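J.: please find the sequence and the predicted model below.
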Amino acid sequence: MPSAEIDPLSFALRPPPGETNEARQQRLKNEAEAKIRSNRIDELLRAERDALKRKRGTDADVKLLLLGQAHSGKSTLTKQFQLLYAPETLESQRSSWKPVVYLNVLHAVRQILDTLDEDEDSAYMSDKSNGDYRRSQKSELYQRQIYSLRLRLAPLLSVEETLTRSLASAGHGLSSPSQGPLVRPGWASRSNSTSEFTEDIIDDRDPYGPTAMGVNNDAVVAHLFFESAEHVDELWTHPAVRTLVKRRKLRLEDSREFFLGEIGRIASPYYLPTTDDILRCRLQTLGVAEYDFPMNVGRKAVMWRLFDVGGSRGQRHTWVPFFEDANAIIFLAPISAFDQYLEEDYKINRIDDSLQTFTSICANPLLKNVHLVLFLNKIDILRQKLAAGVKVKKYITSFANRPNEYDEVTAYFKAHFMQVHRKNNVDQRRALYTHMTSVVDTKATQSIITNVRDSIFRGYLRDTSLV
Ligand SMILES: Nc1nc2c(ncn2[C@@H]2O[C@H](COP(=O)(O)OP(=O)(O)OP(=O)(O)O)[C@@H](O)[C@H]2O)c(=O)[nH]1
Ligand SMILES: [Mg+2]
């Protein structure tokens with residue numbers, strides 16, 4: 001891996017430029033408080049794990065690690081496991097996803113406004129004549145309209161900090177401007193009982209009633225969303241923004257377009273996230289989250305333990321302690337990301353990073369007998385990009401003049417991953433099971449999960465002679 005690694009957390013938390021002495025004192029105080037809170041959560045997590053261990057009493061554990069770079073879809077796949085094997089857990093956490101959906105919308109709006117600022121030429125200059133860009137009357141009108149939208153959206157954007165703080169005060173989130181909210185394991189179940197946002201407004205009270213004045217933040221934020229929905233929609237459909245999208249100057253993260261398209265529903269005062277909303281939410285994982293699914297295999301009670309890790313480069317060292325006794329790994333590689341670069345290092349193409357990381361997994365002697373499954377993920381986005389005319393060759397030169405079509409592109413990427421596995425398969429004993437996936441597609445993903453589970457358990461039972 002290249003040496004120029006940037007730890008995304010230190011980057012996000014570094015002091016702002018030109019900080020005054022007073023601001024510095026306040027920041028240090030806040031950081032000290034955050035540290036105390038963080039230690040408390042670690043203790044809580046340890047206690048939860050110990051209690052779980054005492055409660056278990058199963059015949060065996062089968063440990064499955066979900067690995068892959070940030071944004072590869074590990075947490076989304078984890079939610080699919082929950083939907084399949086513990087739907088009641090996801091159901092009980094439904095309302096705690098609401099602030100996360102709100103934050104996803106706010107980040108999308110902020111990204112649009114920032115791009116309009118940074119790329120005025122693309123957004124507002126329509127004509128290129130005689131090598132000289134001319135500002136038409138229309139573009140001046142567009143600029144005025146965007147300015148006015150910016151003012152009208154300011155109150156909504158101002159709640160971003162409150163929302164982030166609310167997740168953090170439940171002890172589970174930190175905000176990083178570039179990457180959106182970060183989450184510690186187990187936040188959803190805990191925030192169900194502790195977050196300010198669990199004040200349930202889905203009842204017969206007036207959501208904008210007496211509690212709205214500073215006490216019930218949930219209602220205040222919901223009200224702002226309700227008031228601002230049409231402005232968000234106006235911004236998203238504005239010709240200047242459409243131009244940026246068409247010219248690929250504005251590239252929203254995978255699910256943000258989805259949330260912007262659903263703003264009317266999300267801004268309703270009685271909004272409760274749907275399962276699809278939960279699957280589409282972006283919430284970066286911090287550390288390693290463990291999920292246990294009790295199963296019966298034959299006549300044996302087996303605990304299927306799934307570990308969802310943080311995938312950014314600064315977090316990958318946390319994976320290693322889990323290698324020693326892992327039974328299976330699902331490695332997720334988002335192959336739609338051929339035209340994207342790492343947030344941690346803008347020089348590294350995301351497919352290259354996936355291949356490098358997969359190489360180190362395949363070559364690790366601790367994992368030589370692991371049941372290895374590869375998900376070439378986000379095929380729905382890959383299809384959209386190819387249909388929109390994005391050329392793989394432009395980003396992956398070795399793709400050369402192959403047809404820029406789905407079958408060709410997937411076969412090309414698959415062959416590369418298989419070759420990495422073949423070259424790094426100690427003793428040539430380990431098989432590699434590959435699936436083309438879109439883990440936001442519940443029906444297809446659940447059928448793949450069942451298939452993967454059966455195959456992992458067959459191997460496990462054979463190896464441990466549990467049958
Ligand atoms: N359209 C589409 N979106 C996906 C797919 N898989 C994941 N996503 C979205 O991509 C975003 C990132 O997914 P996550 O599951 O949070 O990624 P992760 O691997 O857990 O990332 P880290 O926690 O940072 O390591 C989310 O908004 C998901 O909804 C997919 O196959 N198709
Ligand atoms: Mg995650």
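T.: Received it, and whenever you're ready, just let me know what you need. Ligands and ions are numbered 1, 2, ... in the order given.
J.: which ones are touching the one residue in the stretch 301-450 of the chain that gets nearest to ligand 1?
T.: Using CB to the nearest ligand atom, the closest approach of the stretch 301-450 of the chain to ligand 1 is made by Gly311 at 2.9 Å. To be clear about C-beta, it is placed using only N, CA and C from the backbone, and glycine gets the same treatment. Contact analysis of Gly311 by CB atoms under 8 Å, 6 or more residues apart in numbering lists 67-72, 74, 285.
J.: cutoff 10 Å now
T.: Listed by CB atoms under 10 Å, 6 or more residues apart in numbering, the contact partners of Gly311 are 66-75, 284-285, 319, 332, 353-354, 357.
J.: skip the chain neighbours and tell me the closest residue to it.
T.: Nearest residue to Gly311, sequence neighbours excluded (CB to CB, 6 or more residues apart in numbering): Ala70, at 4.2 Å.
J.: wait, a strand at that neighbour?
T.: No: using DSSP: H, G, I helix; E, B strand; the rest coil, the assignment for Ala70 is coil, not a strand.
J.: residues near it, how many?
T.: For Ala70, the neighbour count with other CB atoms under 10 Å is 22.
J.: list the contacts of it.
T.: Taking CB under 10 Å, 6+ apart as the test, what Ala70 contacts is 8, 179, 284-285, 310-316, 334, 342-344, 350, 353.
J.: which of the three states applies to the residue most central in space within the chain?
T.: The residue lying closest to the centre of the chain (CA atoms, centre = their mean) is Arg282, at 3.7 Å. Of the three states, Arg282 takes coil under three-state DSSP.
J.: next up, phi/psi of it, please.
T.: Backbone torsions of Arg282, given as degrees, to the nearest 10, read phi -100, psi 120.
J.: check which helices and strands the helix or strand hosting Ala34 sits against.
T.: Using DSSP states H and E, Ala34 maps to helix 21-56. Judged by 3 or more CB pairs under 10 Å, 6 or more residues apart in numbering; DSSP states H and E, helix 21-56 is in contact with helix 8-13, helix 160-169, helix 187-194, strand 288-297, strand 300-309.
J.: where does the stretch 301-450 of the chain come near ligand 1, residue by residue?
T.: Residues of the stretch 301-450 of the chain lying near ligand 1 by CB under 6 Å from any ligand atom: 310-312, 377-378, 380-381, 438-440.
J.: apply 5 Å and report the result again.
T.: Counting by CB under 5 Å from any ligand atom, the stretch 301-450 of the chain comes close to ligand 1 at 310-311, 377-378, 380-381, 438-440.
J.: any low-confidence regions in this structure?
T.: Counting by pLDDT under 70, the chain contains low-confidence residues at 1-16, 49-59, 126-135, 168-216, 464-467.
J.: what are the structural domain limits within it?
T.: 57-71+283-464, 95-280 (automatic domain parsing).
J.: report how many residues lie close to Gln82.
T.: When neighbours are counted by other CB under 10 Å, Gln82 registers 20.
J.: and it, that one's in a helix?
T.: Yes: counting by three-state DSSP, Gln82 is located in a helix.
J.: what about the strands in the stretch 301-450 of the chain?
T.: Chain-ordered strands for the stretch 301-450 of the chain, with DSSP state E, counting those that start in this stretch as the definition, fall at 328-334, 371-377, 432-436.
J.: the stretch 151-300 of the chain now?
T.: In the stretch 151-300 of the chain, the segments counted as strands under DSSP E, counting those that start in this stretch are 173-176, 180-183, 284-285, 288-297, 300-309.
J.: for Lys74, what are its contacts?
T.: Counted by CB under 10 Å, 6+ apart, Lys74 has contacts 65-68, 285, 289, 306-311, 330-332, 375, 377, 439.
J.: what's around Ser447, how many residues?
T.: Residues lying near Ser447 (other CB under 10 Å) number 12.
J.: quick one on the thing from earlier: among the strands of the stretch 301-450 of the chain, which comes closest to Arg40?
T.: Closest to Arg40 of the strands of the stretch 301-450 of the chain is strand 328-334 (CB to CB; 31.6 Å).
J.: quick revisit: state whether the residue nearest to the centre of the chain and His107 are indeed in contact, as I suppose.
T.: Yes: the pair Arg282 / His107 is scored as a contact, 8.0 Å apart, by CB atoms under 10 Å.
J.: run through the bridge partners of the nearest residue to Tyr85 once chain neighbours are set aside.
T.: In space, and not counting its chain neighbours, Tyr85 is closest to Phe293: 4.3 Å by CB to CB, 6+ apart. Per DSSP bridges, the residues bridged to Phe293 are Trp304.
J.: you'd agree Phe293 is up against Phe81?
T.: Yes: Phe293 lies in contact with Phe81 (CB under 10 Å); the separation is 6.9 Å.
J.: need the residues touching each of those two.
T.: Common neighbours of Phe293 and Phe81, using CB under 10 Å, 6+ apart, are 64, 304, 306, 453.
J.: OK, contacts around the second one?
T.: Contacts for Trp304 were tallied using CB under 10 Å, 6+ apart; they are 58, 60-64, 81, 85, 291-295, 297, 327-328, 453, 456-457, 460.
J.: before we move on, what about Leu306?
T.: Taking CB under 10 Å, 6+ apart as the criterion, Leu306 is in contact with 62-66, 74, 77-78, 81-82, 85, 289-293, 328, 330.
J.: list the buried ones in stretch 314-324?
T.: Residues 314-316, 319, 322-323 are the ones in stretch 314-324 that count as buried (16 or more other CB atoms under 10 Å).
J.: what sits against the closest residue to ligand 2 within the stretch 301-450 of the chain?
T.: Distance from ligand 2 to each residue of the stretch 301-450 of the chain (CB to the ion) is smallest for Asp308, at 5.9 Å. Asp308 makes contacts with 64-67, 74-79, 81, 185, 285, 287-291, as judged by CB under 10 Å, 6+ apart.
J.: what's the answer for Ser398, then?
T.: 392, 412, 416.
J.: could you find the closest non-adjacent residue to the closest residue to ligand 2 within the stretch 201-350 of the chain?
T.: Closest approach between the stretch 201-350 of the chain and ligand 2, counting by CB to the ion: Thr285, at 3.2 Å. Spatial nearest neighbour of Thr285, chain neighbours left out: Gly310 (4.4 Å); criterion: CB to CB, 6+ apart.
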